[in-house]
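Peer 1: compute the structure for the input listed below.
(one chain, ligands or ions: 1)
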Amino acid sequence: MLSRELEGKACLITGASTGIGRATAIALAEAGAFVGVHYRGSEAEAEETLRLAFVRGARGCLLKGDLRREEDARDVAALFVREAGGMDVLVNNAGSLVRRCKVEQMPLELFREIMDTNFTSAFLMARESIPHLRARKGTIINVHSIAARTGGANGAAIYASAKGALATFTIGLAKELAPDGIRVNAVAPGVIMTPFHERFSTPEALENFRRNTPLGRLGRPEDVAGVIRFLAGPDAVFLVGETIDVNGGLFMR
Ligand SMILES: NC(=O)c1ccc[n+]([C@@H]2O[C@H](COP(=O)([O-])OP(=O)(O)OC[C@H]3O[C@@H](n4cnc5c(N)ncnc54)[C@H](OP(=O)(O)O)[C@@H]3O)[C@@H](O)[C@H]2O)c1
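Peer 2: Below is the predicted model:
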């Protein structure tokens, strides 16, 4: 049984209406944190996340915004700090494959949407959060992907590239902020069963991933959330610029 090691900490999780973000909000709530449950359009699901956090004795708030937009990112960070009294942890989890499309057919508009959804959003949230994190020697955890390692497949090359940018950003930002006592790390999930795959993967593709995963099963959102909880907590204080792969062995370096 883990302790409530994040008691008194203010943790903002982007994209927490469903999937990995929801499981992360619940895990950090279990650890005693005040949780900022951010969402873009899935309001009922975000309310359910917050309810599940409250059940675990946590406090928290809902935050709505399209994080491709600079003003939304600014408002989300500012509202969170107003509600929570500061910021200790930012989890840059919001993201989406948006749509599968081969590079040869990809309109520039779709390219930009994928980059903005997965990379610009994390840059904007980091930028808006740095002054608050500096004040508390806080931490940033980016959620990129196994696709950043493999290049993705079936029309996901630009999604994979956006996650690759986020992986590199994790290292560059970690160097920039470590002197201020802000740690930056990341997780790279493998194939995790969330609404993401209901939208973007066929049952056959998922079965193929399962067969190729040494552990013999696909991932659960909680498998990733536990690692994010570790990165946010006191046992990870000397970890900087690191990505932890959470993929059941599907990809090993
Ligand atoms: N599932 C996997 O196998 C897997 C593998 C590797 C990496 N990842 C990454 O893990 C993260 C979470 O994925 P998931 O599987 O949990 O997906 P999910 O259940 O579809 O959740 C995605 C979250 O991101 C939010 N979001 C999407 N576009 C947004 C935007 N423009 N602005 C603000 N929020 C936005 C969604 O908000 P609303 O629904 O409220 O609009 C939702 O809360 C993503 O970054 C994804 O790329 C997932």
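Peer 1: closest point of the stretch 51-200 of the chain to the ligand, which residue?
Peer 2: Gly95 (2.3 Å; C-beta to the nearest ligand atom). Heads up, the C-betas are built off the backbone N, CA and C, glycines and all.
Peer 1: in three-state terms, label that residue for me.
Peer 2: coil (DSSP: H, G, I helix; E, B strand; the rest coil).
Peer 1: can you get me a residue count around it?
Peer 2: Around Gly95 there are 27 other residues, counting by other C-beta atoms under 10 Å.
Peer 1: separation between it and Asp88?
Peer 2: 22 Å (C-beta to C-beta, to the nearest Å).
Peer 1: hmm, Asp245 is touching Val227, no?
Peer 2: No - between Asp245 and Val227 there is no contact under C-beta atoms under 8 Å: 9.4 Å.
Peer 1: show the backbone phi and psi for Val246.
Peer 2: Per-residue torsions, Val246: phi -120, psi 90 (degrees, to the nearest 10).
Peer 1: return the set of residues that bridge with it.
Peer 2: Going by DSSP bridges, Val246 is paired in beta bridges with Pro189.
Peer 1: can you pull out the strands in the protein?
Peer 2: In the chain, the strands defined using DSSP state E lie at 10-13, 34-39, 60-64, 89-92, 139-143, 183-189, 243-246.
Peer 1: turn those into TSV, columns for mean pLDDT.
Peer 2: Below are the strands of the chain laid out as TSV (pLDDT from 0 to 100):
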stretch	mean pLDDT
strand 10-13	99
strand 34-39	98
strand 60-64	98
strand 89-92	99
strand 139-143	99
strand 183-189	98
strand 243-246	98
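Peer 1: return the most buried member of these.
Peer 2: strand 10-13 (a mean of 32; mean count of other C-beta atoms under 10 Å).
Peer 1: would that one count as contacting the ligand?
Peer 2: No - counting by C-beta under 6 Å from any ligand atom, the ligand is not contacted by strand 10-13; separation bottoms out at 9.1 Å.
Peer 1: which elements pack onto that strand?
Peer 2: Using 3 or more C-beta pairs under 8 Å, 6 or more residues apart in numbering; DSSP states H and E, the elements in contact with strand 10-13 are helix 19-30, strand 34-39, helix 70-84, strand 89-92.
Peer 1: pLDDT weak spots in the stretch 1-150 of the chain?
Peer 2: The model of the stretch 1-150 of the chain has pLDDT under 70 over residues 1-2.
Peer 1: so which residues on it come close to the ligand?
Peer 2: 15, 17-21, 39-42, 66-68, 93-96, 117, 121, 143, 145-146.
Peer 1: so what's the residue of the stretch 51-200 of the chain closest to the ligand up against?
Peer 2: Taking C-beta atoms under 8 Å, 6 or more residues apart in numbering, we find Gly95 in contact with Gly15, Thr117, Asn118, Ser121, Val143, Ala162, Lys163.
Peer 1: next one: Ser145
Peer 2: By C-beta under 8 Å, 6+ apart, Ser145 lies in contact with Tyr159, Ala160, Lys163, Ala188, Pro189.
Peer 1: the third one is in contact with Gly151, isn't it?
Peer 2: Just to be clear, that refers to Lys163. No - judged on C-beta under 8 Å, Lys163 makes no contact with Gly151 at a distance of 10.0 Å.
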